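Undergrad: What would the 3D arrangement of this be:
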Amino acid sequence: MSEPTVPLAHQFEEPAQQQEAATLGMWIFLATEVLLFGGLFLAYIVYRDQAPQAFAAASGKTMLVAGTINTAVLLVSSYFVANAVHLTTLGRRKVVVVLLLAAVLLAAVFLVIKGFEYHHKIEEGLFPGMNFHFPGGQARGAQMFFVLYFTMTGLHALHVAVGAAILAVCAGKVLLSPDPARLATMVDVSGLYWHFVDIVWVFLFPLFYLISHRS
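TA: Predicted coordinates:
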């Protein structure tokens, strides 16, 4: 089987160089994302150290079952994307499209569950602001917990939505391409972004949902 002919941009001398540049570019972009979330994680550590009991009590108000389901949803979606990346190099158009669209569907499931969680928290009066209400004498620390909860999980949800859109575009391009293997680099770098989104959630899940069970 002959190697696919990859469209070569004028600034590159060979396809391998182009692929390396695309991959490096995505890693640099992800490094900036690490800095973004890293600052928020640092804020979480500082405020949790100041009010550990309030954070543990507030964590008990999160929906552990919903968070656990969302964790499973993202891990399965990451598995689908990883397989899609591999199969794209083999030109398996139909399977790749199915896997990518399955990941997009799971992303939608994640966002629906997260929206349900947000609605539930707002109904309970746990959205930070003038109407915030938390039983007991730890309202101030609990409010900071939910400031970080809505900020960090909301930012992550935005990344999930963007990632799902990227995967949907990849699926469309693979479906319409006469030679899907030519799109391997595009699918690969998109997969890197999606795996990053999953990894961020793996850290967010225990920080917001599990500390009430460990403290």
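
Undergrad: what number of residues lie near residue 89?
TA: Residues lying near residue 89 (other CB atoms under 10 Å) number 17. Placement of C-beta: from N, CA and C, glycine included.

Undergrad: for residue 80, that is, sorry about that
TA: So residue 80, with other CB under 10 Å, has 22 neighbours.

Undergrad: cool, and residue 74?
TA: The number of residues packed near residue 74 is 26, by other CB under 10 Å.

Undergrad: go on, residue 28?
TA: Residues lying near residue 28 (other CB under 10 Å) number 9.

Undergrad: Quick check: which element contains it?
TA: Using DSSP states H and E, residue 28 maps to helix 15-50.

Undergrad: Dead centre of the protein: give me the residue that sits there.
TA: Centrality entry for the chain: nearest residue to the mean C-alpha point is residue 197, 2.5 Å, by CA atoms, centre = their mean.

Undergrad: quick one: it and residue 157 touch, right?
TA: No - using CB atoms under 8 Å, residue 197 is not in contact with residue 157, being 9.8 Å away.

Undergrad: ok, now which ones touch the residue nearest to the centre of the chain?
TA: 74, 156, 159-160, 163 (CB atoms under 8 Å, 6 or more residues apart in numbering).

Undergrad: and which of the residues you listed is nearest residue 175?
TA: Nearest to residue 175 among the contacts of residue 197: residue 163, at 18.7 Å, using CB to CB.

Undergrad: Is that closest one in contact with residue 107, as I believe?
TA: Yes - here residue 163 reaches residue 107: they are 6.6 Å apart, a contact under CB under 8 Å.

Undergrad: Find residues that contact each of these two.
TA: By CB under 8 Å, 6+ apart, no residue touches both residue 163 and residue 107.

Undergrad: for the helix or strand harbouring residue 172, packing partners?
TA: Following DSSP H and E, one finds residue 172 within helix 139-176. The contact analysis (3 or more CB pairs under 8 Å, 6 or more residues apart in numbering; DSSP states H and E) places helix 139-176 against helix 15-50, helix 52-59, helix 64-89, helix 93-123, helix 184-205.

Undergrad: Check which residues of that helix are buried.
TA: 141-150, 152-153, 155-157, 159-160, 163-164, 166-167, 170-171, 173-174 (16 or more other CB atoms under 10 Å).

Undergrad: Quick one: mean pLDDT over that helix.
TA: The average pLDDT within helix 139-176 is 95.

Undergrad: now the angle between helix 52-59 and it, please.
TA: Angle of helix 139-176 versus helix 52-59, following axes from the mean of the first three to the mean of the last three CA atoms, to 10 degrees, is 50 degrees.

Undergrad: So which elements touch the helix holding residue 28?
TA: Here helix 15-50 touches helix 139-176, helix 184-205, going by 3+ CB pairs under 8 Å, 6+ apart.
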